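Predicted model follows, preceded by the sequence.
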Amino acid sequence: MPRTLTINGQEVSAGNEQTILEAARDANIRIPTLCHLDGLTDVGACRMCLVEVVGSNKLLPACTTRVQEGMEVHTDTERLRAYRRQIIELLFAERNHVCAVCVANGHCELQNLGIAVGMDHVRYDYLFPRLGVDLSHERFGMDHNRCILCTRCVRACDQLEGAHTIDVLGRGARSLIVRDMNIPWGESTTCTSCGKCVMACPTGALFKQGSTVAEMVHDVEKLAFLRAARERKVWNV
Amino acid sequence: MDKLKFASVWMGGCSGCHMSFLDLDEWLFDLAEAVEVVYSPVADIKTFPQHVDVTLVEGAIANQDHLELIQTIRKNSKLVVSFGDCAVTGNVTAMRNPLDGAEVVLDRAYKDAQLLRPQVPHDDGIVPPLVDHVVPVHAVIPVDLYIPGCPPPAKRIRAVLQALVEGKSPEMIGREMLKFG
Ligand code: SF4
Ligand code: SF4
Ligand code: SF4
Ligand code: FES
């Protein structure tokens, strides 16, 4: 049974299985996202998509919250805008983002969101953690300095490739994306070198070897295509 | 009306932001009509003057001189502008921060990599000592305006200066004005 709700005052009807994010999208209302990627399950990790729902004093992630009959959703209030900018600033402060010398400069979802939320500077102290770069794989590389721990690579590897090479080690901001039992990528025996993790990455953390500044363009649309092809036998390009 | 008193300083940066400023080409003539340049690496003025209206700061705070000069700049300027990514974020200048202080970096540059006469340059009062931890300008003094970019494109610099000359506050929104890198 379809549900009727309002998003930013606009009446919207949605399938009962749909999330607020999906319903908003069908109604052409844009909610910013970062850990969400079409074709992967949602984990609600980044909190960029938080929305206000009348009657709830908690903010809810649109990507993991299902629509309900009569829901009144607001996606673009002053409070949400302030939180979104804070989240982006914290991501920039947490690791070492030097856009000027980054492979993803100009093609980076984090950088684009910085612009979208109006970030002209970061109000928090930069942490400058000491992090490594793994160049042991012959075709791909991983730069932990640019990783925002969105786990899109983890889910792409698991859900689309079925390899489950990638995992998260540790907790909080000090977590690390690792391969197998935390071994160099090039030594992984489960990695099929399909490159889906690289396609899924929103930042310059995963890249093709040999990419220099601003050369790494990710291929996220291809992943949604692969999922649709597999599950619904839809092969439209 | 008095002309706007305009200053620009070069701190821990590569001078690329000033190069981009020079990329304003003939518009610099218009700017020269509208402002009085009271201090700049492109003008031969030794001390930072008083009563400055606008100061563009290129570069991060990376050595002892920067730490001192930035205080004078703040005291003497109505509007302090962080000019370019090094000033705004630390950027490339701060890439040494995760490496445990200035000494290891200096050793690497001047000793390990040198075959002839390896030594770290030092001269009290002439070569300012590096600080261990590079920081953006706003970590040290309050900053009024930020111009991101490495370097900020000339069009972005012009949009900001144009507004300031007209006594307006520049609209820092959208890709044209806010993209880092
Ligand atoms: S990952 Fe994105 S935000 Fe981070 S340095 Fe690279 S381009 Fe900039
Ligand atoms: S290349 Fe493929 S198999 Fe290897 S880690 Fe990436 S997604 Fe998994
Ligand atoms: S490597 Fe990329 S995709 Fe994986 S968690 Fe980090 S930022 Fe996300
Ligand atoms: S996109 Fe919803 S929490 Fe990340």
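Received it, and whenever you're ready, just let me know what you need. Numbers count the residues shown, from 1 in each chain, chains lettered A, B, ... in the order given. Ligands and ions are numbered 1, 2, ... in the order given.

Which secondary structure state does residue A:11 sit in?
Using DSSP: H, G, I helix; E, B strand; the rest coil, the secondary structure recorded for residue A:11 is strand.

And for residue B:53?
When the rule is three-state DSSP, residue B:53 gets the label strand.

in the biggest helix by length in chain A, what's buried?
Counting by DSSP state H, the longest helix found in chain A is helix A:78-94. Residues A:80, A:83, A:84, A:85, A:87, A:88, A:89, A:90, A:91, A:92, A:93, A:94 are the ones in helix A:78-94 that count as buried (16 or more other CB atoms under 10 Å in any protein chain shown). Quick note: C-beta positions are derived from backbone N, CA and C, even for glycine.

quick one: the strands in the chain?
I went with chain A, as the question did not name one. Applying DSSP state E to chain A gives strands spanning A:3-7, A:10-14, A:50-53, A:60-61, A:72-74, A:133-134, A:140-143, A:166-169, A:176-179, A:206-208.

Oops, wrong one, chain B.
B:4-10, B:35-39, B:52-58, B:61-63, B:77-83, B:130-135, B:145-147.

Can you say which of those strands is nearest to residue B:19?
Distance to residue B:19, taken as CB to CB, is lowest for strand B:52-58 among the strands of chain B, at 9.8 Å.

I'd say residue A:164 and residue A:155 touch.
No. At 9.9 Å, residue A:164 does not count as touching residue A:155 under the criterion of CB atoms under 8 Å.

quick revisit: the longest helix of chain A: how far from the chain's middle?
In terms of CA atoms, centre = their mean, to the nearest Å, the centre of helix A:78-94 is found 15 Å from the chain centre.

does ligand 3 sit close to that helix?
No. Figure legend: helix A:78-94 not in contact with ligand 3 (CB under 6 Å from any ligand atom); closest approach 9.6 Å.

Which strands or helices does that helix pack on?
Contacts defined by 3 or more CB pairs under 8 Å, 6 or more residues apart in numbering or on different chains; DSSP states H and E place helix A:78-94 against strand A:50-53, helix A:109-116.

same for the shortest one, what does it pack against?
Right, strand A:50-53. Using 3+ CB pairs under 8 Å, 6+ apart, strand A:50-53 is in contact with strand A:60-61, strand A:72-74, helix A:78-94.

and residue 44, how many neighbours does it have?
All of this is about chain A. For residue A:44, the neighbour count with other CB atoms under 10 Å in any protein chain shown is 16.

look at chain B instead
6.

for stretch B:143-161, what is the average pLDDT?
Mean per-residue pLDDT for stretch B:143-161: 98.

List the buried residues in it.
With the criterion 16+ other CB under 10 Å, stretch B:143-161 contains buried residues B:143, B:145-152, B:154, B:156-161.

Where does the prediction get shaky in chain B?
Within chain B, the stretches with pLDDT under 70 are B:1.

who touches the residue nearest the centre of chain A in this structure?
What sits nearest the mean C-alpha location of chain A, by CA atoms, centre = their mean, is residue A:35, with 2.4 Å. Taking CB atoms under 8 Å, 6 or more residues apart in numbering or on different chains as the contact definition, residue A:35 lies against A:42, A:43, A:44, A:45, A:46, A:48, A:63, A:150, A:151, A:152.

hang on, the first one packs against residue A:66?
It refers to residue A:42. No. Counting by CB under 8 Å, residue A:42 does not reach residue A:66; the two are 11.0 Å apart.

so what sits against both of the two?
residue A:19.

and residue 147, what does it touch?
Because you didn't say which chain, this covers chain A. Neighbouring residues of residue A:147 by CB under 8 Å, 6+ apart: A:95, A:176, A:177, A:203, A:205.

hmm, I had chain B in mind actually
Each residue near residue B:147 by CB under 8 Å, 6+ apart is listed here: B:56, B:81, B:82, B:83, B:84, B:88, B:156, B:157, B:160, B:172.

Quick check: the fourth one vs residue B:56, distance?
Right, the one you point to is residue B:83. 4 Å (CB to CB, to the nearest Å).

out of those two, which sits in the more crowded spot?
Neighbours were counted for residue B:83 and for residue B:56 using other CB under 10 Å; residue B:83 has more, 32 against 28.

isn't the more buried one right up against residue B:57?
Yes. Between residue B:83 and residue B:57 a contact is recorded at 5.6 Å, counting by CB under 8 Å.

so what sits against both of the two?
With CB under 8 Å, 6+ apart as the test, residue B:83 and residue B:57 both reach residue B:8.

Let me know how buried the closest residue in space to residue A:21 that isn't next to it in sequence is, in neighbour terms.
Leaving aside its chain neighbours, residue A:21 sits nearest to residue A:62 (4.1 Å; criterion: CB to CB, 6 or more residues apart in numbering or on different chains). When neighbours are counted by other CB under 10 Å, residue A:62 registers 29.

contacting residues for residue A:62?
By CB under 8 Å, 6+ apart, residue A:62 lies in contact with A:19, A:20, A:21, A:24, A:31, A:33, A:49, A:50, A:51, A:73, A:75.

who does the first one bridge with?
When bridges are called by DSSP bridges, residue A:19 pairs up with residue A:66.

For it, grab the count of nearby residues.
20.
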